[in-house]
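Engineer: Next one to model:
(chains A and B)
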Number of protein chains: 2
Amino acid sequence: MRWIGIDPGLRITGFGVIDVEGQKLTYVASGTIESGDPAKGLPERLGALYTGIKEVIDTYQPQAAAIEEVFLNVNPRSTLMLGQARGAVIAALVAAKLPVDEFSALRVKQSIVGTGRAAKPQVQEMVKRLLRLSRAPGADASDALGVAICAAHHAHIPKAISSALATKKRSK
Amino acid sequence: MRWIGIDPGLRITGFGVIDVEGQKLTYVASGTIESGDPAKGLPERLGALYTGIKEVIDTYQPQAAAIEEVFLNVNPRSTLMLGQARGAVIAALVAAKLPVDEFSALRVKQSIVGTGRAAKPQVQEMVKRLLRLSRAPGADASDALGVAICAAHHAHIPKAISSALATKKRSK
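Structural biologist: Numbers count the residues shown, from 1 in each chain, chains lettered A, B, ... in the order given. I've put the predicted structure just below:
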């Protein structure tokens, strides 16, 4: 099963592709897509993100996608911009007929590092180890690989156990 | 020249298609796309908007697109949701290689009714008159037709005059 993970952003969107075979995770590719000069206008920048994700999908042919949920920024305009970027990216994923799961940053960190309070360098280090890489990819690509790993872990847990865990957590 | 105008929304997105020949505007089609049951999950709902817009484009083959800018909602989560819907819709437009212009609701109202303070029913009434329709389409479709008419008006004004008007307005 090949997963693509996405860390969405208007300026830079990170992506990471991994293969999952039982418990074994294998790195396939990762990188970033930049929407380019802000002077270009929003539709063109969203188009760059859409096309970039489409090209990554065409190249690596993932079978499922996972995308990070986004924070509500204190600046409403930033929230709107980030929302539009995320919408364009999700459109590219569903246009390619990929099922799309969403995970919060907290959940990704819990899945990768074991605690939701992990710092970025810890996520990068664990992504590097879990995928047996000689060096950690950049922060955006690492985050995206983290989302893909989280999705793979989650998909591996039968639904009944997963919801039992959620219930347990809520009752604490 | 055939324009598609869009009034984006997560629950309902309005669209309107018009033909423009010099000063003459001709109604082609209008309607709404619904993202369906909120329980379906965001990616699927954004997928419904993306696919719906794609189908409208495939059917009516517009040559240019215009989309309404969105308000920053007082609720940040609503702003984020609306942003994602708008991002998915813009992705569908740029995926179809349409140039996309953006217009504020104020600008659309000024263009259609002559004042930015116009109420919705006034916009519906003027859209009906300008397109010589026997009855006004629904609010979302009328807004979308209004965006298309605004874009057609705007495209008709040479850039130099348009920026002179903007300068005059600022200096008031």
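
Engineer: C-alpha only now, for contacts and for neighbours.
Structural biologist: Noted.

Engineer: Tell me the residues of chain A that contact chain B?
Structural biologist: Those residues of chain A that sit near chain B, judged by Cα under 8 Å from any Cα of the partner chain, are A:43-44, A:46-47, A:50-51, A:72, A:76-77, A:79-92, A:94-95, A:100-101.

Engineer: from these, which ones fall inside helices?
Structural biologist: In helices, defined here by DSSP state H, the members of the residues of chain A next to chain B are A:43-44, A:46-47, A:50-51, A:76-77, A:79-92, A:94-95.

Engineer: ok now do A:Leu42, which residues does it touch?
Structural biologist: For A:Leu42, the set of contacting residues under the criterion of Cα atoms under 8 Å, 6 or more residues apart in numbering or on different chains is empty.

Engineer: do A:Ala118 as well
Structural biologist: A:Lys109.

Engineer: just A:Ser104 next, same as before
Structural biologist: By Cα under 8 Å, 6+ apart, A:Ser104 lies in contact with A:68-70.

Engineer: Likewise for A:Phe15?
Structural biologist: A:4-7, A:30-33, A:140-141, A:144-145.

Engineer: now it: how far from chain B?
Structural biologist: Using Cα to the nearest Cα, to the nearest Å, one gets 17 Å for the distance from A:Phe15 to chain B.

Engineer: Ok, A:Lys128 next?
Structural biologist: Look at A:Lys128 and chain B: by Cα to the nearest Cα, they are 29 Å apart.

Engineer: With A:Pro8 instead?
Structural biologist: Remark: distance between A:Pro8 and chain B (Cα to the nearest Cα) = 11 Å.

Engineer: swap in A:Gly14?
Structural biologist: Spatial separation of A:Gly14 from chain B under the definition Cα to the nearest Cα is 17 Å.

Engineer: Need the phi and psi values for A:Val127.
Structural biologist: Per-residue torsions, A:Val127: phi -60, psi -40 (degrees, to the nearest 10).

Engineer: Please apply the same query to the one 10 residues further on.
Structural biologist: When quoted as degrees, to the nearest 10, the phi and psi of A:Pro137 stand at phi -70, psi 170.

Engineer: Just to check, it is in contact with A:Met126?
Structural biologist: No: counting by Cα atoms under 8 Å, A:Pro137 does not reach A:Met126; the two are 11.1 Å apart.

Engineer: so which strand or helix has A:Ser142?
Structural biologist: Using DSSP states H and E, A:Ser142 falls within helix A:139-156.

Engineer: From the contact counts, what lies against that helix?
Structural biologist: In terms of contact count using 3 or more Cα pairs under 8 Å, 6 or more residues apart in numbering or on different chains; DSSP states H and E, helix A:139-156 is assigned the packing partners strand A:2-7, strand A:12-21, strand A:24-34, strand A:64-68, strand A:100-103, helix A:105-112, helix A:120-130.

Engineer: relative orientation of the last one and strand A:24-34 in degrees?
Structural biologist: The directions of helix A:120-130 and strand A:24-34 differ by 130 degrees, with axes from the mean of the first three to the mean of the last three Cα atoms, to 10 degrees as the criterion.

Engineer: neighbouring contacts of helix A:120-130?
Structural biologist: Counting by Cα under 8 Å, 6+ apart, helix A:120-130 makes contact with A:25, A:109, A:112-113, A:134-139, A:142-143, A:145-146, all of which sit outside it.

Engineer: Just the CA atoms of that helix, as CSV, please.
Structural biologist: Only the C-alpha atoms of helix A:120-130 are listed here, as CSV (Å, rounded to 0.1, in the frame of the first residue of the first chain):
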residue,chain,number,x,y,z
LYS,A,120,9.6,19.8,15.1
PRO,A,121,13.3,18.5,15.3
GLN,A,122,12.0,15.5,17.3
VAL,A,123,9.5,14.7,14.5
GLN,A,124,12.2,15.1,11.9
GLU,A,125,14.5,12.8,13.8
MET,A,126,11.8,10.1,14.3
VAL,A,127,10.8,10.2,10.7
LYS,A,128,14.4,9.7,9.7
ARG,A,129,14.7,6.7,12.0
LEU,A,130,11.4,5.1,11.1
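
Engineer: Just give the closest residue to A:Glu69, not the sequence neighbours.
Structural biologist: A:Ser104 (4.8 Å; Cα to Cα, 6 or more residues apart in numbering or on different chains).

Engineer: and if you look at A:Gln84?
Structural biologist: Leaving aside its sequence neighbours, A:Gln84 is closest to B:Gly87 (3.9 Å, by Cα to Cα, 6+ apart).

Engineer: same thing with A:Ala85?
Structural biologist: A:Leu10 (4.9 Å).

Engineer: Go ahead and confirm that neighbour touches A:Leu82.
Structural biologist: Yes: the pair A:Leu10 and A:Leu82 passes the contact test of Cα under 8 Å, sitting 5.6 Å apart.

Engineer: Between those two, which contacts overlap?
Structural biologist: With Cα under 8 Å, 6+ apart applied, the contact sets of A:Leu10 and A:Leu82 do not overlap.

Engineer: in chain A, what spans have low per-residue confidence?
Structural biologist: When the per-residue scores of chain A are filtered using pLDDT under 70, the ranges that remain are A:156-172.
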